[in-house]
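**Student:** Predicted model and sequence below, questions to follow.
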Amino acid sequence: MNTQCDDDDFDYVPCDQTVVVDDSFFESAQTHEYEFNSLEISDSCLFVNISASGCDGNSWSLVLVASDDVGDSFPEQRYLKLVFTNNEACLAIVSQGRSFDLRPIQVGGANEIILNIEGFTESLTYTY
């Protein structure tokens with residue numbers, strides 16, 4: 001009797017959320033103030049840690065949105081922004097981390113892209 005599971009039976013995504021690819025949302029998105037503490041790519045997840053004023057961060061909303069446009073360079077480039085909503089009216093500084101699945105922004109025929117994230121001074125290289 002063989003009880004081995006077939007790895008293709010499910011699609012496991014270890015990230016908290018998935019990047020949203022929407023040019024209209026990217027162009028019109030407004031964000032509250034925050035500060036990047038760190039950005040790191042591991043496998044296909046972008047780990048983001050930010051700080052902002054707030055009470056505890058439980059009501060914060062974070063969305064990573066990408067433009068449909070792909071920069072014509074080698075390697076190609078994608079443009080992203082973190083849309084942060086904070087309605088907490090406390091003066092404490094709170095930090096919070098999230099991870100975002102980057103697979104929707106992969107470019108066919110390539111194995112790496114440069115990520116330009118609005119408000120972050122450095123570009124990141126995403127290899128897949």
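**Tutor:** Now that the structure is in, tell me what you want to look at.
**Student:** Neighbouring strands - and their directions - for the lowest-mean-pLDDT helix or strand in the chain?
**Tutor:** In the chain, no helix or strand scores lower on mean pLDDT, DSSP states H and E than strand 61-71, which sits at a mean of 94. Neighbouring strands of strand 61-71 in its sheet, by DSSP bridges, are strand 20-21 (parallel), strand 77-85 (antiparallel).
**Student:** Go through those and pick out the most buried.
**Tutor:** Of all those, strand 77-85 has the most neighbours on average by mean count of other CB atoms under 10 Å, namely a mean of 19. C-beta: built from backbone N, CA, C; applies to glycine.
**Student:** Against which helices or strands is the helix or strand just after that strand packed?
**Tutor:** Sequence order places strand 92-101 as the next helix or strand after strand 77-85, per DSSP states H and E. Contacts defined by 3 or more CB pairs under 8 Å, 6 or more residues apart in numbering; DSSP states H and E place strand 92-101 against strand 17-18, strand 45-54, strand 61-71.
**Student:** Give me the mean pLDDT for the second one.
**Tutor:** So the one you mean is strand 45-54. If you average the pLDDT over strand 45-54, you get 97.
**Student:** and it with strand 77-85, angle?
**Tutor:** 30 degrees (axes from the mean of the first three to the mean of the last three CA atoms, to 10 degrees).
**Student:** Tell me how far strand 45-54 lies from the chain's centre.
**Tutor:** 10 Å (CA atoms, centre = their mean, to the nearest Å).
**Student:** Name every strand pairing with it and say which way it goes.
**Tutor:** With DSSP bridges as the test, strand 45-54 is paired with strand 35-42 (antiparallel), strand 92-101 (antiparallel).
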